[in-house]
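J.: requesting a structural model of the entry that follows:
(one chain, ligands or ions: 2)
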Amino acid sequence: MSLNQNIINFIQFAWQDSFGNGDVNSLGSNPENGSSLAQSEKAVEELLTQQTPMLATDDHLIEFSEALRTVAKALRGSAEGKALAQAEAAEWKRRYELERSKNQELLHKAPLNGVCADESGNKGMDHLAKSPRRHGQENGKSERYSLERICSHDVLQDGGESNSPNGCNNKLKRKASFKLSWGCKGQANDQHKKEIVSFESGNITTADRSSKQISLTWETNPQTVIIFTKPNSTSVRVLSVEMVRWLREHKGLNVYVEPRVKAELLSESSSFDFVQTWEDDKEISLLHPKVDLVITLGGDGTVLWAASMFKGPVPPIVPFSMGSLGFMTPFHSEQYRDCLEAVLKGPISITLRHRLQCHIIRDKARHDYETEENTLVLNEVTIDRGISSYLTNLECYCDNSFVTCVQGDGLILSTTSGSTAYSLAAGGSMVHPQVPGILFTPICPHSLSFRPLILPDHVTVRVQVPFNSRSSAWVSFDGKGRKQLEAGDALVCSIAPWPVSTACQVESTHDFLRSIHDGLHWNLRKTQSSDGPRDT
Ligand SMILES: NC(=O)c1ccc[n+]([C@@H]2O[C@H](COP(=O)([O-])OP(=O)(O)OC[C@H]3O[C@@H](n4cnc5c(N)ncnc54)[C@H](O)[C@@H]3O)[C@@H](O)[C@H]2O)c1
Ligand SMILES: Nc1ncnc2c1ncn2[C@@H]1O[C@H](COP(=O)(O)OP(=O)(O)OP(=O)(O)O)[C@@H](O)[C@H]1O
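T.: Ligands and ions are numbered 1, 2, ... in the order given. The predicted structure follows:
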């Protein structure tokens, strides 16, 4: 094959892979393609090195070779990603086949063990009877019970009498207990740990695992509160003066406020010099261990603001509504005394709101230490086209699986708390804030079939601006702190280990429904009158 032919082949492969039919398997699963691509890429490199030195003025050639290098880099990245995903898929397939053949084997042996079919003639899970085994054995280190095995189909067979409804005397007594293990990210070094739950009777129920209404009970009295207030609002300013005084004089609490608010309070009266504040945002992140409660006076934006001040754990927030909408602010400011009395006494219902931790990885960063700091969001992280008039082109991956390519105005990765904010406006579902998950909502996708997704809470989502993108993209965090994403840069996002707990007026579900009824007038319609045509 001539070198020129090689270049043509290479460009064809590059074109197909980058802009072609979107078939993830097309390149990696065809070894011929892979090797021809590699040969062509090599040949192009050879050609480029064999070229007589180019004149500095030969701009087209320089541009062309740069473009080829970029394409080669993108191709290599994409092929590596695909290979990884395929290896993982192959491993799962192997495990599945192994499990299936083991089950088949047991199925054949089962009649000899006295296991019978159910009424439908099928053999349920119970036919996977094995030799007697005690629960204690599951704690052993044998490979069979390694934590990777997430469920046990095993049945204890201890020689007792059967109570089988179909009269089959199969000596099965009860199922074996087992454990399920969850991978979870630890705080230290982000190491993966396992959370293990035992199922004593061998029955999986969600009753103990589901996220229930959470109640907070103080074990010692709260002593320190921090108040965040919406700026430039006279009503907020008036209330903050009154509330700080009441908290000190009637409740004997230590009060922290923002430096701006301390100046406002001192301008009212010098008697407010007991109020504490901080110098810079770094200092406030150290306040967490001292503060028992956060109070916000404003709208949802003030709750977002308060949460953003805590880059790690966040004390419980009591949000007073002094804005127009107030999805996350159930408390009425007029009754602040009663509300705070109840909260300080406890117990209180809380909504545990998950946050997303977002991290930008720059293509030009060569070392781990060059990565940027994590940003935590309570509502969402948005990747959009900013001032560019081109479509955004965003490649999205969920763990190592390719999700899709977003071509449109952008993408919202939202928490369930944020599901009623920007994500809702872009067509995403409204989700109860205690449902753990990540909403994947496109903004004006240029495609008829791009419906929003909800992903489970354990995944890591990666959104990458491809090398062939016409423009850069912009990221914003809860509507703030815009950052540019250049071609090759990626945003990586997962559920953060530090949720935000907000106090409920009644309880989580009641408050959520109230906010969608009162705030959005959800499904408000005049009731149809009873007169008129009826089914006969
Ligand atoms: N098209 C849109 O709907 C759109 C566009 C940009 C930003 N936003 C939202 O605004 C948020 C920032 O809020 P802000 O107050 O700082 O800005 P803001 O002052 O521009 O207010 C945005 C509006 O969104 C409401 N809001 C915020 N969080 C909400 C939530 N979880 N559920 C329901 N409504 C919510 C606020 O009450 C406010 O009315 C962003 O996180 C984003 O979700 C929405
Ligand atoms: N303590 C604060 N310091 C600086 N900015 C703040 C603070 N609290 C709120 N903000 C900002 O002020 C803006 C408006 O706040 P907020 O949403 O609470 O009030 P609102 O707009 O009147 O309420 P609503 O959105 O319900 O109508 C938001 O952009 C928010 O980020």
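J.: for the stretch 151-300 of the chain, which residues score under the pLDDT cut-off?
T.: Within the stretch 151-300 of the chain, the set of residues satisfying pLDDT under 70 comprises 151-212.
J.: wait, does the helix or strand containing T382 make contact with ligand 2?
T.: Using DSSP states H and E, the element containing T382 is strand 380-384. No: using Cβ under 6 Å from any ligand atom, strand 380-384 never reaches ligand 2; the gap is at least 14.0 Å. Every residue, glycine included, has its C-beta placed from N, CA and C.
J.: so what touches that strand?
T.: With contacts defined as Cβ atoms under 8 Å, 6 or more residues apart in numbering, strand 380-384 is touched by 356, 358, 375, 392, 394, 409-415, 418, 421-423, 439, 443, 463, 473-479, 485, 491, 493.
J.: which among those residues count as buried?
T.: Burial by neighbour count, judged by 16 or more other Cβ atoms under 10 Å, picks out 356, 358, 375, 392, 394, 409-415, 418, 421-423, 439, 443, 463, 473-478, 485, 491, 493 from the contacts of strand 380-384.
J.: in helices, which of these fall?
T.: Judged by DSSP state H, the subset of the buried ones among the contacts of strand 380-384 located in helices is 422-423.
J.: out of the buried ones among the contacts of strand 380-384, who's near ligand 1?
T.: 418, 421-422, 478.
J.: next, count neighbours for the closest residue to T392 other than its chain neighbours.
T.: Closest residue to T392 apart from its sequence neighbours, by Cβ to Cβ, 6 or more residues apart in numbering: R385 at 4.5 Å. For R385, the count of nearby residues is 20 (other Cβ atoms under 10 Å).
J.: enumerate every residue touching R385.
T.: 391-392, 409-410, 471, 473-474.
J.: how about these in CSV, adding distance to E334 and pLDDT?
T.: Shown next, in CSV, are the contacts of R385 (distance: Cβ to Cβ, whole Å; pLDDT from 0 to 100):
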residue, distance to E334, pLDDT
L391, 49, 93
T392, 45, 94
D409, 41, 97
G410, 40, 98
S471, 49, 93
A473, 44, 97
W474, 40, 98
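J.: okay, the residue nearest to T392: pLDDT?
T.: What the model reports as pLDDT for R385 is 96.
J.: can you tell me the residue of this protein closest to ligand 1?
T.: G301 (2.5 Å; Cβ to the nearest ligand atom).
J.: can you classify that residue by secondary structure?
T.: helix (DSSP: H, G, I helix; E, B strand; the rest coil).
J.: what is the mean pLDDT for stretch 479-487?
T.: The average pLDDT within stretch 479-487 is 96.
J.: so which residues make contact with that stretch?
T.: Contact with stretch 479-487 is made by 304, 308, 360, 362-363, 375, 379, 382-383, 386, 422, 465-469, 472-476, 491, as judged by Cβ under 8 Å, 6+ apart.
J.: taking these one by one, which sit in strands?
T.: Using DSSP state E, the subset of the contacts of stretch 479-487 located in strands is 360, 375, 382-383, 473-476, 491.
J.: make a markdown table out of those residues and add distance to T404.
T.: Converted to a markdown table, those look like this (distance: Cβ to Cβ, whole Å):
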| residue | distance to T404 |
| --- | --- |
| I360 | 21 |
| T375 | 24 |
| T382 | 17 |
| I383 | 13 |
| A473 | 15 |
| W474 | 20 |
| V475 | 18 |
| S476 | 21 |
| L491 | 15 |
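J.: so which bits of the protein are right by ligand 1?
T.: By Cβ under 6 Å from any ligand atom, the residues of the chain that approach ligand 1 are 299-301, 304, 323-325, 327-328, 379-380, 417-418, 420-422, 425, 478-479.
J.: PyMOL command for the buried members of the residues you listed?
T.: Buried members of the residues of the chain next to ligand 1, defined by 16+ other Cβ under 10 Å, are picked up in PyMOL with:
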select buried, resi 299+300+301+304+323+325+327+328+379+380+417+418+420+421+422+478
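J.: what parts of the stretch 151-300 of the chain come near ligand 2?
T.: So far as Cβ under 6 Å from any ligand atom goes, the stretch 151-300 of the chain lies against ligand 2 at 228-231, 258, 298-300.
J.: would you map out the domains in the chain?
T.: 3-92, 114-210, 216-352, 356-498 (automatic domain parsing).
J.: so I361 versus V244, what's the distance?
T.: The gap separating I361 from V244 is 43 Å, by Cβ to Cβ, to the nearest Å.
J.: more neighbours: which of the two?
T.: V244 (23 against 16).
J.: you'd agree the more buried one is in a helix?
T.: Yes: assignment of V244 by three-state DSSP places it within a helix.
J.: all numbers from here: first residue = 456
T.: That works, and once the first residue is 456, the last one we named lands at V699.
J.: without its sequence neighbours, what residue ends up closest to it?
T.: Ranked by Cβ to Cβ, 6+ apart and with sequence neighbours excluded, the top spatial neighbour of V699 is V710, at 5.4 Å.
J.: for that neighbour, grab the count of nearby residues.
T.: Using other Cβ under 10 Å, V710 has 24 neighbouring residues.
J.: I'd like the next helix or strand past the helix or strand where it lies.
T.: Assigned by DSSP H and E, V710 falls within strand 709-712. The helix or strand immediately downstream of strand 709-712 is helix 714-723, counting by DSSP H and E.
J.: got the buried residues for that next one?
T.: Applying a neighbour-count criterion of 16+ other Cβ under 10 Å, one finds 716-717, 719-720 buried in helix 714-723.
J.: what about stretch 768-780, start to end distance?
T.: Terminal residues of stretch 768-780 are spaced 27 Å apart (Cα to Cα, to the nearest Å).
J.: and the one helix or strand L694 maps to, what does it pack onto?
T.: L694 is part of helix 689-704, with elements assigned from DSSP H and E. Under the contact criterion of 3 or more Cβ pairs under 8 Å, 6 or more residues apart in numbering; DSSP states H and E, helix 689-704 touches strand 679-684, strand 709-712, helix 714-723, strand 748-753, helix 791-800.
J.: quick one, it and helix 791-800 angle?
T.: With axes from the mean of the first three to the mean of the last three Cα atoms, to 10 degrees defining the directions, helix 689-704 sits at 50 degrees from helix 791-800.
J.: pull the residues that contact helix 689-704.
T.: Helix 689-704 is contacted from outside by 680, 682, 684-685, 708, 710, 712, 716, 719-720, 723, 727, 729-730, 750, 752-753, 775, 777, 788, 791-792, 795, using Cβ under 8 Å, 6+ apart.
J.: how close does the residue lying closest to F782 once chain neighbours are set aside get to L671?
T.: Of all residues not flanking F782 in the chain, S970 sits nearest, at 4.6 Å (Cβ to Cβ, 6+ apart). Remark: distance between S970 and L671 (Cβ to Cβ) = 20 Å.
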